[in-house]
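K.L.:
Here's my sequence, what's the structure:
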Amino acid sequence: MAAEAEPVEAMGAVVSWAQTVEWGQEALTRVLLWAHGALRWSQSVTGQLQNLPADVALAIAAYCSIVALLALVAWARSSAQRQRALRALANLESATAELQNKLDAEVKWRTAGERVNAPRA
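P.N.:
Here you go, the predicted model:
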C-alpha cells in the first residue's frame, strides 16, 4: 500500500486522511442506524394499519381526502389572490412611471420658466 498522505489543514485544524475516513465511516454508520430504526417504525405502523377494521380505515381515508381537498381549495384561493396582487402591483408600477414622467416634464418646464423670468442683475 502507498504511504499515508500528508495531513491537511482544514479550518485551522490539521486533519489526516485516516481521521477523515474514520469520521466518514462513523457518519455512515449513524445514517444506517437511523434508516434501520425508521424502517422498523414504518413496518410497525403498517402492521397496525393492516389490523384496523374496514370502517375505521374508510373513515380515516375520508378524513384525509377532506383535508387534502381543503388544502387544494386554500392553495387555489391563495394563488388567485397572489395573481390579483401581482396585477395590482404591475398597474401601480405603470401608473407610477407615468406620473414620474409627468412630474419630470413639469419640473423641466418650471425650471425653464424660472430661468426666463429670473430678474437680471
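K.L.:
Show me where this structure has its strands.
P.N.:
Along the chain, counting by DSSP state E, strands occupy 8-10, 13-15.
K.L.:
mean confidence score for the first one?
P.N.:
Averaging the model's pLDDT scores along strand 8-10 yields 64.
K.L.:
could you check the distance from Ala59 over to Asn51?
P.N.:
According to C-beta to C-beta, to the nearest Å, Ala59 and Asn51 sit 15 Å apart. Glycine gets a C-beta too; all of them are placed from N, C-alpha and C.
K.L.:
Who has more neighbours out of the two?
P.N.:
The neighbour count for Ala59 versus Asn51, taken as other C-beta atoms under 10 Å, is higher for Ala59 (12 against 8).
K.L.:
Any stretches of the chain with poor pLDDT?
P.N.:
In the predicted model, the chain carries pLDDT under 70 at residues 1-12, 118, 120-121.
K.L.:
Show me how it divides into domains.
P.N.:
Recorded structural domains for the chain (assignment: automatic domain parsing) are 1-51, 53-121.
K.L.:
Number of residues surrounding Leu103?
P.N.:
For Leu103, the tally of surrounding residues (other C-beta under 10 Å) stands at 10.
K.L.:
likewise Ala54?
P.N.:
The local packing of Ala54 (other C-beta under 10 Å) involves 7 other residues.
K.L.:
Spatially nearest residue to Ala57 (excluding sequence neighbours)?
P.N.:
Leu49 (7.3 Å; C-beta to C-beta, 6 or more residues apart in numbering).
K.L.:
what do you get for Ile60?
P.N.:
Here the nearest residue to Ile60 in space, its sequence neighbours aside, is Leu52; by C-beta to C-beta, 6+ apart that works out to 7.6 Å.
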